[in-house]
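Participant: attaching a predicted model along with its sequence, questions to come.
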Amino acid sequence: MSFFTSLREKTLDKISESFTPVLTRDEKFKLEYKLPPGEAIIDDINADLSFIPAKNAPSTDKNFWEKNTPQEPATAIIFSGKIYLTNHFILFKDIFDQSCSTLVLNISTVKRVERSPSESYSSTLLITLYSGSQLLVQFIGLKYRAEQFCDALKKNLKDNIPNAKLLVDFLQTCYSEFLIAKNVLGMKDVKPPSGGLGQHFKYPGNPTLSKEKAKLKLWFEYFKNNGRNMAIWKTHMFQKLIRIGVPNRLRGEIWEISSGSIYLRFANPGFYEKLLIDNAGKSSQAVDEIEKDLKRSLPEYSAYQTELGIKRLRNVLTAYSWKNPDVGYCQAMNIVTAGLLIYMSEEQAFWCLSNLCDIYIPGYYSKTMYGTLLDQRVFEAFVEDKMPVFWDYIVKHDIQLSIVSLPWFLSLFFTSMPLEYAVRIMDIFFLNGAKTLFQVALAVLKINSEDILQADDDGMFIAIIKHYFQNLGESAHPDSPDLKYRQITKFQELLVTAFKEFNVITETMIYQERRKHEKGIMQNIETFVKRTQLRHMPRTFHLTEENLSNIYDIYYDRIETHKISKGTGSSNMVFDVFVQFLSKICDWCKPCENDSDPAFREQKSNFLRKLFNNWDTAKIGELTLNDVVVGIDKLLTPDLLEMVNYFFSLYDEDQDGELHREDVLQMSEGLLLLTEPWKSGRFVDLLTKKSIEDDIADTIVKETITDDRTGVNSTLDQIELPSGVTIDEGKYRAEQAERYLKAASNFLQRSFEYARSLDIAEEVDLIDLSDEDDGDADSAKKEQKKKKYESILANVALDPTHPKVIDLATFRMIILADETYELFFAQTLRSSIHVDQCIESGANNKALRGMFDGIIADGRRVAEQVRRRVDSVATRNSTTSLESAGNQTVTSINTANTMDRYDDLEDLNSEQQGEHEDLLSNPWLDIPDEDEQEGEVKRQELPINTMTPKEGGNDLIEFEA
């Protein structure tokens, strides 16, 4: 049976891989550990690892160092797994518990690396960190592999020395360092680092009821025994403490650690401030939209009715819009950022927002909000699968689930439930990822399903959910005779339901559902965006709706950097892409044999550049879709004179109504380029077709059109060339080529023949200007130059002493005087532009239109509901906020009494009532993770005294900062 079990697991793994995005090993690794861009695995090796806390860190829980006696020496647990080395990190993954026992160590925190003196292990390293903690690494496998890893580690450490010098200043921004400095090092006068708005305007919730000091005590003990900030060991206790609740003052740093934004902040010192300075005073569409939404950002929190709170929010949002112009600013970003700023400084919130948009919920805040639409469809699929009775009911009564659920996902529950509960969801969200949103959303529906099944419309549905969120702090079982049962709040019940009952919702399932629905959602978005943009096209006179649709498809097919469904990348067309675009629809721009000729390529580029500049109405060096549509519409005019006038305007750049000698010569080259397909014989025009028809007319006349047996006249399509009649293609190609060459020659000749001479103030003597005064010049050379200049003077096209110009009327006359060019401007040029042919990538999926119309209609209703609800929250809380403002000014909020009471929370050396131990024993909050095993792995223990370097030893020091 074990064989079949193993086979089944491998099959499921393969199926899961087929549904997950195709990522490289390094990309998967960076996503798993939230590492900054640019990190890559340099080496990895199997090893046993032990984490040894700093010896000078006294502990008050008497569970570790106090047992370090001669009778019972302290020990360190050995973890078996694999250690990875990247550009700036050392990471360890436990082989027995890969999800909940990991070490992420920035190598800037490494102070010393030396070989261990232990005689039991030949390949052992002892790594000492800045905090005094130590890592004992015992390599497993061949010795040369251990040496390779050590060499790579040594090189990385030396290369990272400049970054390590920045560590001291960076650590001063971490609250965990402040806790250690105050409670371990005894630095009573140390000040806490600047943090979020909560330091000045209080944190949401009641610190007494939330047991802030007890939670802070638990985290303090965890930091002492497992490291902190840039060098922290994440165990089951780390996840358990987050589920219990993060203390407000520490929440910003824990969010940074869980999201990986702390590594981004350390890797980019000064980037945020420089971004603000470089873009100060600049305006953009995103900046204008941000200003409109600032006052509607969590108005129930008093900080956002003051200039300080608004300024911080404005800075973070505008800085991110400049950092990521593809996203810029999107609805609900202000809500989420406002929530972050309560617990984080501006720089912390900026980098956390970056990771939030890039890693956790990509596409949520894009221009098309494709990520939100996709996850709404995934959420509906989960509801249908996990709650079939509920799903059938809302479908039967036409209740729109997304009207309620979309704000949950878009604002991460900040606008749905009170802030003190929303941040608890965020604690788990940063730890476990996007699956948290689905689990909590399903739990909300599950808990309220009985009431919702009595609702008949959207209004009742919304009222039920709203009432539930407003009473999350009340007892979930008020009528229970059991006191402990009555003490369970609705929020605790929500957490248990979400993370126990819906623990089956995994990242793999979400990926599978996203892959399943992604194509349909993307196609629907593209269809909607296309239909919207086509409705706002400028007025055209010669293009049908089908032509516009085809131009749209070809246009965006050429712009590979722009993703319509995701709204990323520039939608403007640069010159190189413009050339590719025309090559798809214009015969005279398609690749040909003459492209190998440099002169022809230059001629082609010059004309296309003129056309590009003429279409670029904004003069920004790029074309919009509207520019292209208007330009093509002009080329497709059936009016001969209108087409001639437009071609003249291409070369009349100063718009004075006259073309000078250089302009005429450039126009002649442009005509040679445009007529190249017919001059080379790749295509035939109407004159050539007529010539062919005349040559075979006698043969066709001899054939009868009427069928004597049926008496029915044959149609023209049924007429075939008589047998034995052949067409001499070479003859007709030569005649057509000669005709176009003659037309070009006649154009130049007539242009200068009928051109008007300009009067100049003084006649120029070319010989005097060009000959140098050297008395020894050869008379024969002088005579040769004289003849050359005389020939130039005799050529009306080249004579600079008598410049010629032609006006529009003359140009018209010259074109109409030549049958070939007249036909070219009247019909041939227009027929060479093919906008009636669609491309496969732009084909519309009409079957999806109806479905998408419903989604968009629903989305509009949701947008209106979100806006109305945000406005109502602002109105509802304005009175409360004003009252609090009347009783408490900005300065009075920071009263000494309040801060003294909060500062007392940080004194963790005083005797406690054991309240923090009660938190750990609370069964309702001890929620196991999906990957936790039934039984704990029994690990080996190693005496710490075997790891201590011996004095006077000849240990090889590999690295020392």
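Facilitator: Nice, I can see it.

Participant: does residue 251 touch residue 423 like I think?
Facilitator: Yes - between residue 251 and residue 423 there is a contact under C-beta atoms under 8 Å: 6.6 Å. Quick note: C-beta positions are derived from backbone N, CA and C, even for glycine.

Participant: list residues touching both of the two?
Facilitator: residue 343 (C-beta atoms under 8 Å, 6 or more residues apart in numbering).

Participant: three-state assignment of residue 135?
Facilitator: Recorded secondary structure, residue 135: strand (DSSP: H, G, I helix; E, B strand; the rest coil).

Participant: for it, grab the count of nearby residues.
Facilitator: The number of residues packed near residue 135 is 25, by other C-beta atoms under 10 Å.

Participant: leaving out sequence neighbours, find the closest residue to it.
Facilitator: Spatially, and ignoring its direct neighbours in sequence, residue 135 is nearest to residue 127 (4.2 Å; C-beta to C-beta, 6 or more residues apart in numbering).

Participant: check residue 492 and give its pLDDT.
Facilitator: Per-residue confidence (pLDDT) for residue 492: 92.

Participant: which secondary structure elements does the helix or strand hosting it contact?
Facilitator: Using DSSP states H and E, residue 492 sits within helix 490-496. For helix 490-496, the packing partners by 3 or more C-beta pairs under 8 Å, 6 or more residues apart in numbering; DSSP states H and E come out as helix 419-432, helix 435-447.

Participant: okay, domains of this protein per the record?
Facilitator: Per the TED database, the domain ranges recorded for the chain read 36-56+73-162+938-946, 177-360, 370-522+859-880.

Participant: can you name the next helix or strand after the helix holding residue 492?
Facilitator: helix 507-535.

Participant: what's that next one packed up against?
Facilitator: Judged by 3+ C-beta pairs under 8 Å, 6+ apart, helix 507-535 is in contact with helix 2-19, helix 370-386, helix 435-447, helix 545-558, helix 849-887.

Participant: where does the chain have its least confident helix or strand?
Facilitator: For the chain, the helix or strand with the lowest mean confidence is helix 890-893, at a mean of 38 (criterion: mean pLDDT, DSSP states H and E).

Participant: which of the domains of the chain is buried the deepest?
Facilitator: Stretch with highest mean neighbour count among these: domain 177-360 (a mean of 20; mean count of other C-beta atoms under 10 Å).

Participant: could you pull up the mean pLDDT of that domain?
Facilitator: The average pLDDT for domain 177-360 rounds to 91.

Participant: kindly report the same for stretch 551-566.
Facilitator: 73.

Participant: and the nearest residue to residue 657 once chain neighbours are set aside, backbone torsions?
Facilitator: Leaving aside its chain neighbours, residue 657 sits nearest to residue 807 (5.6 Å; criterion: C-beta to C-beta, 6+ apart). Main-chain dihedrals, residue 807, degrees, to the nearest 10: phi -100, psi -180.

Participant: for residue 670, see how far away residue 807 is.
Facilitator: 18 Å (C-beta to C-beta, to the nearest Å).

Participant: which one of those two is surrounded by more residues?
Facilitator: A side-by-side neighbour count of residue 807 and residue 670, using other C-beta under 10 Å, places residue 670 first with 20 against 15.

Participant: quick one: residues contacting the more buried one.
Facilitator: Neighbours of residue 670 in contact, by C-beta under 8 Å, 6+ apart: 603, 606-607, 610, 650-651.

Participant: which parts of the stretch 651-800 of the chain are helices?
Facilitator: Applying DSSP state H, counting those that start in this stretch to the stretch 651-800 of the chain gives helices spanning 661-674, 676-679, 686-702, 729-753, 766-770, 779-794.

Participant: quote the end-to-end distance of stretch 157-173.
Facilitator: With C-alpha to C-alpha, to the nearest Å as the measure, stretch 157-173 spans 23 Å from end to end.

Participant: might one say that residue 109 is in contact with residue 132?
Facilitator: No - using C-beta under 8 Å, residue 109 is not in contact with residue 132; the gap is 11.2 Å.

Participant: residue ranges with poor pLDDT in the stretch 701-850 of the chain?
Facilitator: Along the stretch 701-850 of the chain, the model assigns pLDDT under 70 to residues 701-727, 758-802, 839-850.

Participant: run the last query once more with 90
Facilitator: Counting by pLDDT under 90, the ranges of the stretch 701-850 of the chain that qualify are 701-740, 743-812, 814-815, 817-822, 824-850.

Participant: once you drop chain neighbours, what's closest to residue 177?
Facilitator: residue 171 (4.8 Å).

Participant: distance of the one you found from residue 131?
Facilitator: Plainly put, residue 171 is 9 Å away from residue 131 if you go by C-beta to C-beta.

Participant: look up phi and psi at residue 115.
Facilitator: phi -70, psi 140.

Participant: hmm, it is touching residue 136, no?
Facilitator: No - Residue 115 is beyond contact range of residue 136, at 11.2 Å (criterion: C-beta under 8 Å).

Participant: anything in contact with each of these two?
Facilitator: Shared contacts of residue 115 and residue 136, counting by C-beta under 8 Å, 6+ apart, come down to 124-126.

Participant: and those residues, which of them are in strands?
Facilitator: 124-126 (DSSP state E).

Participant: give me every residue that touches the residue nearest the centre of the chain.
Facilitator: With distances taken as C-alpha atoms, centre = their mean, the residue of the chain nearest its centroid is residue 358 (6.1 Å). Residue 358 sits next to no residue when contact means C-beta under 8 Å, 6+ apart.

Participant: do you know how far it is from residue 751?
Facilitator: 60 Å.

Participant: next one: residue 482
Facilitator: Distance from residue 482 to residue 751, by C-beta to C-beta: 103 Å.

Participant: likewise for residue 509?
Facilitator: Separation of residue 509 from residue 751 (C-beta to C-beta): 73 Å.

Participant: residue 80 now?
Facilitator: Relative to residue 751, and taking C-beta to C-beta, residue 80 is found at 88 Å.

Participant: just residue 385 next, same as before
Facilitator: Residue 385 is 76 Å from residue 751, where distance means C-beta to C-beta.

Participant: mind checking the end-to-end distance for stretch 405-417?
Facilitator: 13 Å.

Participant: switch to numbering from 45
Facilitator: Okay, using 45 as the starting number, the last item reads as stretch 449-461.
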